[in-house]
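Q: pasted the sequence and its predicted model underneath.
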Amino acid sequence: MKKDRHTTKVVVRIFRSAPCCAAAFFPEIPGTDNPNTCSSYVVVGGHSSADTWTSRYSRLPRPGNKEDQAEVKRILYHLRHHYGYRLKIVKRIAPAHRAARVKEIERMRSAWSKQAELETATNGKGV
């Protein structure tokens, strides 16, 4: 597994409805082309997009709770060793993270429009 060169910010939460399940939210990585979504990861489902409000329906891992700490270690292990992430743990999703997602979405949209223009140019008139 090749290690990531840059550091990825991550918010780890424990779901209230399923206390044995931790989720990692990547607040600066868009989940879709909607800036109110971010990329996320759970051990039993893999990567997906999540509404940024989802992190508010969960709770912070409790430092003294062995089950919480085991789940946090498990999810961080998966991200670091199976996917090669270099992680920086942050406590919450902040407005600056949304701004970073908006910037990334704009970059992606620009790339998509350039790709569409290139395909139209190579296909002639783009019938």
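A: All right, it came through fine. Numbers count the residues shown, from 1 in each chain.
Q: count of neighbours near residue 93?
A: By other Cβ atoms under 10 Å, 22 other residues sit near residue 93. From N, CA and C alone the C-beta is placed, and that goes for glycine too.
Q: residue 5 in helix, strand or coil?
A: Three-state call for residue 5 (DSSP: H, G, I helix; E, B strand; the rest coil): coil.
Q: could you check how far it is from residue 84?
A: Applying Cβ to Cβ, to the nearest Å, the value for residue 5 to residue 84 is 10 Å.
Q: higher neighbour count, the two?
A: Set residue 5 next to residue 84 and count neighbours by other Cβ under 10 Å: residue 84 wins out with 12 against 7.
Q: Provide the backbone phi and psi angles at that one.
A: phi 80, psi 20 (degrees, to the nearest 10).
Q: try residue 23
A: Dihedral angles for residue 23 - degrees, to the nearest 10 - are phi -130, psi 140.
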